[in-house]
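Chemist: Have a look at this prediction, sequence included:
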Amino acid sequence: MLGLYAKKIGMTQVFDDAGNLMPVTVMRFDPNVVIAKKTKETHGYEAVVVGLDDQKKSRVTKPRAGQFPENISPKKRIHELRDFEKQVDVGSSLGIEVLEGVRYVDVSGVSKGKGFQGVVRRYGFGGGRKTHGSKFHREPGSTGQSTYPAKTFKNVKLPGRMGRENVTVLSLKVIKMDTEKQLIMVKGAVPGINKGLVFVRSAVKKGR
């Protein structure tokens, strides 16, 4: 599997070869540093560990600092990729060239937080009639029994905090790659805010 950390720049529109206008999301790859390699002989499987964004050494605990070689500064974000399909060395910086030739990617990130929301927005409930005297417009409705045992059932859809969850969007088509500026454009939207961190990997359900 191939993959790297990227930062979401925003969305724009581009024309394809047939002249059709399509929405795309632009992401930028900052240097991903290889901080470790795992082998079958030592760990039982093969993997590459990459990291992004330097972290102050004063803010790093000793157990976490032990993951990083002496010549590599601690990173805020690290990710392990099993069965990495390219030969890399510890300490090398990886960029968009890792995904060269990949036609579809999966993008993982933290979705936008929407705060405390009711059931209509959170789960798409239809609500009650909006006529005069209805007394039931956007309420969740019954949540349990009216008699013994008077309790709320488990897994009932109720108001609560919405968004800010780990989300993975599968099989996004790669429209364009700019190796000079380290930019990738994919068709459609990806989770998260602008300038937010996402992880881009080769698609697991679609061929290249």
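Modeler: On my side now, so go ahead.

Chemist: low-scoring stretches of this structure, by residue?
Modeler: Per-residue confidence for the chain (pLDDT under 70) gives these ranges: 207-208.

Chemist: All the helices of it, in order from the start?
Modeler: Applying DSSP state H to the chain gives helices spanning 40-43, 62-65, 119-123.

Chemist: Highest mean neighbour count out of the ones you listed?
Modeler: Compared across the helices of the chain, helix 119-123 shows the largest average neighbour count, a mean of 16 (mean count of other Cβ atoms under 10 Å). No exception for glycine: its C-beta is placed from N, CA and C like everyone else's.

Chemist: Present the helices of the chain as CSV; the columns should include distance to residue 88.
Modeler: Formatted as CSV, the helices of the chain follow (distance: least, Cβ to Cβ, whole Å):
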stretch, distance to residue 88
helix 40-43, 16
helix 62-65, 22
helix 119-123, 43
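
Chemist: For residue 180, which of these is the nearest?
Modeler: With Cβ to Cβ as the criterion, residue 180 lies closest to helix 62-65 of the helices of the chain, at 34.5 Å.

Chemist: List of residues touching the closest one?
Modeler: Residues outside helix 62-65 that contact it (Cβ atoms under 8 Å, 6 or more residues apart in numbering): 57, 74.

Chemist: run the last query once more with 10 Å
Modeler: Residues outside helix 62-65 that contact it (Cβ atoms under 10 Å, 6 or more residues apart in numbering): 55, 57, 73-75, 78.

Chemist: If you rank the residues you listed by neighbours, which is first?
Modeler: Highest neighbour count within the contacts of helix 62-65: residue 75, with 22 neighbours (other Cβ atoms under 10 Å).

Chemist: Let me know the distance separating the closest residue in space to it that isn't next to it in sequence from residue 112.
Modeler: Computed as Cβ to Cβ, 6 or more residues apart in numbering, the closest residue to residue 75 that is not its neighbour in sequence is residue 51, at 3.0 Å. Here residue 51 is placed at a distance of 25 Å from residue 112 (Cβ to Cβ, to the nearest Å).

Chemist: Settle it for me: which of these two has more neighbours?
Modeler: Just comparing residue 51 and residue 112: by other Cβ under 10 Å the higher neighbour count belongs to residue 51, 23 against 14.

Chemist: ok, residue 26 - contacts?
Modeler: 6-12, 14, 175-176, 178, 181, 183-186, 190, 194.

Chemist: Without its sequence neighbours, what residue ends up closest to it?
Modeler: Of all residues not flanking residue 26 in the chain, residue 9 sits nearest, at 4.3 Å (Cβ to Cβ, 6+ apart).

Chemist: Measure how buried that neighbour is and give me the count.
Modeler: The local packing of residue 9 (other Cβ under 10 Å) involves 16 other residues.

Chemist: swap in residue 54?
Modeler: 12.

Chemist: hang on, the earlier thing: for the helices of the chain, which one sits closest to residue 151?
Modeler: Ranking these by proximity to residue 151 (Cβ to Cβ) places helix 119-123 first, at 19.0 Å.

Chemist: and that closest one, how far out from the chain's middle?
Modeler: What separates the centre of helix 119-123 from the centre of its chain is 23 Å, taken as Cα atoms, centre = their mean, to the nearest Å.
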